[in-house]
Every structure is written in structure tokens, then in C-alpha cells.
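Trainee: Quick one, what's the 3D model for this:
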Amino acid sequence: MPMTRPRLRRLLATALLALAGNGAHALGADYGPERFATHDAVTWVQTCGTWGTDHHGTYRVIHAEAFAQSFLYVQWMARGEADRSYSLYAVHTTAIAELDNDHAEISLSELTCRATPRGIVVTAKADSGHDDKLRRVTIEVGPAAGQYRFRAQRTR
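Mentor: Below you'll find the predicted structure:
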């Protein structure tokens, strides 16, 4: 079945409602994925790489924007076999704590995702609302559900 715009919107809204990320521990209010239940907040969705001993799972990265900053979530996706629909569902969702609160004030652009033997690597250009420094952000995800490593590198 072709992916129509209304179907994509419903899919994204359903996926975002299913998110259950942990909040950040920095100052400021934490914003969970339920804030982005409407499709207009989502700016980027990418599936990339595989996970699991049989490599049948896939990772999905979701970027949303609010309050002039970025929020990023990673999902460990699997295919449902019980109902024979084989549709994707989220096994686990992780909020990237370094980004997902209103105090972070980091705006991401030029997002990319690539598969690695141990998971995925998400990279992006990052502008901080706290200073004029431009950074490059690297997030290594996996292999275990919820596992990631966040690194910010100053570029100027």
C-alpha cells in the first residue's frame, strides 16, 4: 500500500503517542514524547540499522521541534508476527536526555543516521541557545535497548 500523506501523519502520531522516553536530569522541565503527538512538531523520521541477535529489529530516530529547540527519540522497532500483519511496533523508546528538556536550548540540523556493527550513529550540527559556539553532535546508539552515548564536539 502506498504511503499517503494522511496515512504517514497517522503513523507518526501513533508512533509518537507510543513513545515512552525517560526525562533528562538537567535543569529545566523535561518534555516527554506525548508533547509531540501532532505531526506538525515532527521534522525528521529515519529508520536505520538493525538490532537483535537475528537482526530483524530496526532502529527509528524521531526529531521534533518545540520552543526553538530540538527533541530527539530513538526507538527499537520490531515486526509483529502474532496478527500476521508484520507491522512495525516500538519495543523500547529512549529520549536523548541531553536534548529533551526545555533548558537544553540545542537546535539540531543536518541530521544523519548510519548503521554500525553495534547499532547506529546519529550525527547532527548543533546550535546552542546558551552561547554562539557551533558544535557537532554524535550519538552512538545500542546495542542494548536504551543504551546510547552522547558527545558534543566544538567546531569553532
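Trainee: Low-confidence stretches in the protein?
Mentor: The chain contains residues with pLDDT under 70 at 1-39, 82-85, 102, 134, 155-156.
Trainee: all helices for it, in order.
Mentor: Assigned by DSSP state H, the chain shows helices spanning 5-18.
Trainee: So which residues of it form strands?
Mentor: Shown for the chain, the strands assigned by DSSP state E span residues 42-51, 57-66, 69-79, 88-95, 106-116, 119-128, 134-141, 148-154.
Trainee: okay, these in JSON lines with mean neighbour count next?
Mentor: Where C-beta positions appear, they are placed from N, C-alpha and C, glycine not excepted. Converted to JSON lines, the strands of the chain look like this (neighbours: other CB atoms under 10 Å):
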{"stretch": "strand 42-51", "mean neighbour count": "18"}
{"stretch": "strand 57-66", "mean neighbour count": "20"}
{"stretch": "strand 69-79", "mean neighbour count": "23"}
{"stretch": "strand 88-95", "mean neighbour count": "18"}
{"stretch": "strand 106-116", "mean neighbour count": "15"}
{"stretch": "strand 119-128", "mean neighbour count": "20"}
{"stretch": "strand 134-141", "mean neighbour count": "18"}
{"stretch": "strand 148-154", "mean neighbour count": "13"}
